[in-house]
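> Have a look; sequence and predicted model below, questions after that.
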Amino acid sequence: MRDYLRIDDAGLERIEKLYARYRLLHDDPDAGRPMIIVNTPTLNEPSLGERLADPLVMLRAELDMLRSHLEIQDDRVPSVRVQFGTAQVAAAFGCRMHVPENSLPAAGDHVLTCAEDVRRLNLPALDAGWYGKLAEWTELWKANLPEGVHIQHPDIQSAFNSAHLIRGNDILTDFYDQPELVDLLLDRVTDFMLAITRHVKAMISNDPEWFFDWGALWKGGARISNCSMQMISPALYREHVLPRDIRFLKGMGGGRMHYCGITGDVIDDFLKAPFVTGLDVDFKRHDFFALCEQAPKRIVLMPTFAQGSPDLNRLLRGDWPRKRNIVIVVSAASLEEGRELLARLRQAIPYS
């Protein structure tokens, strides 16, 4: 497997320069230059079911996705991830993992049917749920990983996302009826997130200051996903969830945040939170150029643009935000189209 994907010496040297440029986005934002990742289709992909049935099939599929990036030489770093879905923390707490026919695993039930049950909720072992399997697959991948390829963190979600899976929609009324029990659940989840993320990070990296995620290099130790935050008000987020987000990110030495929710008010709280080093949101619903003006210099933004979108067309015309530390993600229908789009975007960047 180590020879399944080969990166020559020139490619390894180019990737080392990529890492330096990614670090510059965080360490000296005014001197950085936008990074561009161009995704193209992977041919003859195995189904998700086939990947979940065999760790080496999943690894080959992850490596195959890197080939086009290495060929067109965009700014994606060569990293792969064991893909076990969004319910891994919830499964560790006892939720049943549901595996659809051709989709990633998801939470199949809610382990807390009563808010009071959280008082009896113990901190899971580090091999609970699918984490024992994750460790086995990770060790196998490490033994077969081609030179220059790194392993990304598994999906960790966030304190509220996982608490919502563990408790179900009743957690939304618990905020009003028994807020102290919501806080207790959020604390239990945060404690486990810190323990399991440190445990996994020790397996895949010896660098405490940087981590790989979504094909990029980020400052800090982990990424959290706050997609479910659109279900509660910004005030509830600030009072109950934000302190746990801050505790987790501080404990990991910082990290980035993902939010694909519709409502935009809570984004301001994300941007003000200490220890956040990066943010991506659904830019089909939120104004990219406005967010570039709003975001602090320390936060790297990662927008994803569809072909023909107004924001992408604006960039292609040479109209870029003043904020330079951004990672642009776009898609193309073919390798040749991807190569052309990458060249056009790079040419349109107005910074020296």
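Perfect, I can see it now.
> what's the longest helix in this structure?
helix 179-204 (DSSP state H).
> now for that one, which elements pack on it?
Applying 3 or more CB pairs under 8 Å, 6 or more residues apart in numbering; DSSP states H and E, one finds that helix 179-204 makes contact with helix 88-92, helix 131-144, helix 159-167, helix 170-177, strand 222-225, helix 242-251. (C-beta placed from N, C-alpha, C; glycine too.)
> how about those in JSON lines, adding mean pLDDT, mean neighbour count and distance to residue 80?
As requested, the helices and strands packed on helix 179-204 are arranged in JSON lines below (pLDDT from 0 to 100; neighbours: other CB atoms under 10 Å; distance: least, CB to CB, whole Å):
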{"stretch": "helix 88-92", "mean pLDDT": "98", "mean neighbour count": "27", "distance to residue 80": "17"}
{"stretch": "helix 131-144", "mean pLDDT": "98", "mean neighbour count": "16", "distance to residue 80": "7"}
{"stretch": "helix 159-167", "mean pLDDT": "97", "mean neighbour count": "27", "distance to residue 80": "23"}
{"stretch": "helix 170-177", "mean pLDDT": "98", "mean neighbour count": "15", "distance to residue 80": "33"}
{"stretch": "strand 222-225", "mean pLDDT": "95", "mean neighbour count": "23", "distance to residue 80": "16"}
{"stretch": "helix 242-251", "mean pLDDT": "98", "mean neighbour count": "20", "distance to residue 80": "24"}
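> Average pLDDT for the host helix or strand of residue 25, rounded please.
Element membership of residue 25 [criterion: DSSP states H and E] is helix 9-27. If you average the pLDDT over helix 9-27, you get 98.
> swap in stretch 58-65?
97.
> List of residues touching that stretch?
With contacts defined as CB atoms under 8 Å, 6 or more residues apart in numbering, stretch 58-65 is touched by 1, 4-5, 42, 45-46, 51-52, 80-83, 137, 140-141, 144-146, 149.
> Out of those, which end up buried?
Among those, those scoring as buried are 5, 51-52, 80-83, 137, 141, 144-146, 149 (criterion: 16 or more other CB atoms under 10 Å).
> Which members of those are the farthest-apart pair?
52 and 146 (21.9 Å; CB to CB).
> Strands of the stretch 201-350 of the chain, start to end?
210-213, 216-219, 222-225, 255-259, 276-281, 300-301, 304-305, 327-331 (DSSP state E, counting those that start in this stretch).
> For residue 171, find the nearest of those.
strand 222-225 (16.6 Å).
> circling back: now do the longest helix of the chain, average pLDDT.
The pLDDT scores in helix 179-204 average 98.
> how far does it sit from the chain's center?
Computed by CA atoms, centre = their mean, to the nearest Å, the separation of helix 179-204 from the middle of its chain amounts to 17 Å.
> Any buried residues in that helix, and which?
181-194, 196-197, 200-201, 204.
> if we can go back for a sec, among the contacts of stretch 58-65, which lie within strands?
If you go by DSSP state E, the contacts of stretch 58-65 have residue 80 in strands.
> which residues does residue 166 contact?
Per CB under 8 Å, 6+ apart, neighbours of residue 166: 90, 93, 94, 95, 110, 111, 112, 185, 189.
> What's the separation between the last one and residue 277?
If you measure residue 189 against residue 277 using CB to CB, to the nearest Å, the figure is 22 Å.
> do the fourth one as well
Residue 95 sits 30 Å away from residue 277, going by CB to CB.
> again with the first one
Distance of residue 90 to residue 277, computed by CB to CB: 26 Å.
> swap in the second one?
Residue 93 sits at a distance of 28 Å from residue 277 (criterion: CB to CB).
> For residue 334, which non-adjacent residue is closest in space?
Nearest in space to residue 334, with sequence neighbours left out and distances taken as CB to CB, 6 or more residues apart in numbering, is residue 40 at 6.3 Å.
> likewise residue 33?
The shortest distance from residue 33 to any non-neighbouring residue, by CB to CB, 6+ apart, is to residue 351 (5.9 Å).
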